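A.B. asks: I need the structure of the sequence given here:
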Amino acid sequence: MIVIINGPCGIGKTSVAWELNARFDRAVMLDGDYIGAVHPFEIYDEARVAYLFETIHHLIAFHIERGGYHDFVINYVFETPEQSAALRHLLSDLDDVTYAYRLVASDDVIEARIRKREQESDADLRPARSPRHLKRYRELVAIQEEAARRGDVGFPIDTTGRTAEEVADAIWDDIHEAVEVVPYDPAWPARFEAERARIAAALGDLALEIHHIGSTAIPGLDAKPIIDTMVAVRRLDDAVACIAPLQALGYVFVDYPQNVDRRFFRKGKPRTHHLHIVEAGSQSLIEHLAFRDALRADADLRREYQALKHNLRTKYKHDRAAFSESKSAFVQKVLAQWRSRG
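C.D. replies: This next block holds a predicted model:
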């Protein structure tokens, strides 16, 4: 597993990364600021950033091969979603489970942290730099907030009023959020319709189709109590224009490297909604609707799928990635049957 910690200077990324690192049985913490401390240093140099990311890739590969490590925590300041995506895509050949978080806090909290850190430093060795750090902090907050409206710079974690240990706990709990499979709730279709109306109003002409998918869309089937929605747009690139309107509804865009044919959003803590954006007429849209309709029409398939999910929930209660991946064979079997029917 790879966990990336983003956030502006002064927010406590390094302290949180160390705390989070200690929660794994064996893990490596990689501090991007130190790994990338080259001279001369140009803060906006894309070549330097690319070099840093390649260095991180080499280090992780070395730790996996020579040290047998499999869990890594990386902390760094990502100013754009393109930077964050570039690192995650680069590392995807080493591990397909990657999480990214962005630490946030109120201005007064960060200012107090920066001033306290300066007061505790040795003035002879490290002259006070609070004004410069405060200016840079405010610049980075504005940059990252703007970036989050057009891409993924990390799932936001509010650090206000929390110690580094408590922030690490919040991240750890999110990564290991329990998988719950509950009896079918007849209210789920109405919940979807209410959400569908909000999404349609927010996205306007961007949304060509809005569908209820997943297990909550299949009457009588036990499911995770999460409403799954699939939105079809003209081109997948149109998903970028959907990020800000969906944020206003409480959704957060999560850019998983493996999602090449769709864009994923989550809402709620614990999560209550998932939303997937796909291209109209795409194979992803066709297959999600086909799987839903096949289970709606076949009671035997519903019973088989329900038993599988309960078994996997017992096995992978705190590993959502493994829970989802372990359903793939069943999904492919259902789709193969659907294709054979012409």
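A.B. asks: I figured residue 277 hits residue 262, correct?
C.D. replies: Yes. Between residue 277 and residue 262 there is a contact under Cβ atoms under 8 Å: 6.3 Å. All C-beta atoms are positioned from the backbone trio N, CA, C, and that covers glycine.
A.B. asks: what is in contact with the two at once?
C.D. replies: Counting by Cβ atoms under 8 Å, 6 or more residues apart in numbering, the contacts common to residue 277 and residue 262 are residue 236.
A.B. asks: and those two? which has more neighbours close in?
C.D. replies: Using other Cβ atoms under 10 Å as the criterion, residue 277 and residue 262 rank with residue 277 on top: 26 against 18.
A.B. asks: Spell out which helix or strand contains the more buried one, please.
C.D. replies: strand 271-279 (DSSP states H and E).
A.B. asks: So which bits of that strand are buried?
C.D. replies: Buried residues in strand 271-279, counted by 16 or more other Cβ atoms under 10 Å: 271, 273-279.
A.B. asks: shaky segments in the chain?
C.D. replies: Low-confidence segments of the chain (pLDDT under 70): 118-130, 342.
A.B. asks: Tell me where it has strands.
C.D. replies: With DSSP state E as the criterion, the chain has strands at 2-6, 28-31, 72-75, 98-104, 155-158, 209-213, 227-233, 251-254, 263-268, 271-279.
A.B. asks: out of those strands, which comes closest to residue 330?
C.D. replies: Across the strands of the chain, the minimum distance to residue 330, taken as Cβ to Cβ, is reached by strand 209-213, at 15.7 Å.
A.B. asks: Tell me which residues are up against stretch 152-163.
C.D. replies: Applying Cβ under 8 Å, 6+ apart, the contact partners of stretch 152-163 are 4-7, 11-12, 16, 78-81, 84-85, 99-106, 109, 144, 147-148, 167, 170-171, 174, 252-255.
A.B. asks: cool, and stretch 5-16?
C.D. replies: Residues contacting stretch 5-16 (Cβ under 8 Å, 6+ apart): 17, 20, 31, 33, 73-78, 84, 100-105, 110, 113-114, 117, 133-134, 136-137, 140-141, 144, 153-154, 159, 164, 167-168, 171.
A.B. asks: picking up where we left off before, dump the strands of the chain into TSV; add distance to residue 244 as well.
C.D. replies: Shown next, in TSV, are these (distance: least, Cβ to Cβ, whole Å):
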stretch	distance to residue 244
strand 2-6	19
strand 28-31	32
strand 72-75	27
strand 98-104	16
strand 155-158	14
strand 209-213	18
strand 227-233	14
strand 251-254	10
strand 263-268	12
strand 271-279	13
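A.B. asks: related to what we said a few turns ago, pull the distance from the strand holding residue 277 to the chain's centre.
C.D. replies: Per Cα atoms, centre = their mean, to the nearest Å, the displacement of strand 271-279 from the mean C-alpha position of its chain is 12 Å.
A.B. asks: Partner strands of it, with direction?
C.D. replies: The pairing partners recorded for strand 271-279 under DSSP bridges are strand 227-233 (parallel), strand 263-268 (antiparallel).
A.B. asks: before we move on, the earlier item: and which of the buried residues of strand 271-279 is nearest residue 229?
C.D. replies: For the buried residues of strand 271-279, the nearest to residue 229 is residue 275 (4.7 Å; Cβ to Cβ).
A.B. asks: Next, the contact list for residue 56, please.
C.D. replies: With Cβ under 8 Å, 6+ apart, residue 56 has these contacts: 30, 32, 35, 74, 87, 91.
A.B. asks: residues touching residue 291, list them.
C.D. replies: 331, 334-335, 338.
A.B. asks: next one: residue 140
C.D. replies: Residues in contact with residue 140 (Cβ under 8 Å, 6+ apart) are 8-9, 77, 79.
A.B. asks: what two of those are the furthest from one another?
C.D. replies: Pairwise over the contacts of residue 140, using Cβ to Cβ, the maximum falls at 9 and 79, 11.4 Å.
A.B. asks: Relative to residue 157, how far out is the residue positioned nearest the centre of the chain?
C.D. replies: Taking Cα atoms, centre = their mean, the centroid of the chain lies closest to residue 254, which sits 3.8 Å from it. Using Cβ to Cβ, to the nearest Å, we find residue 254 at a distance of 13 Å from residue 157.
A.B. asks: Could you do residue 339 as well?
C.D. replies: Remark: distance between residue 339 and residue 157 (Cβ to Cβ) = 43 Å.
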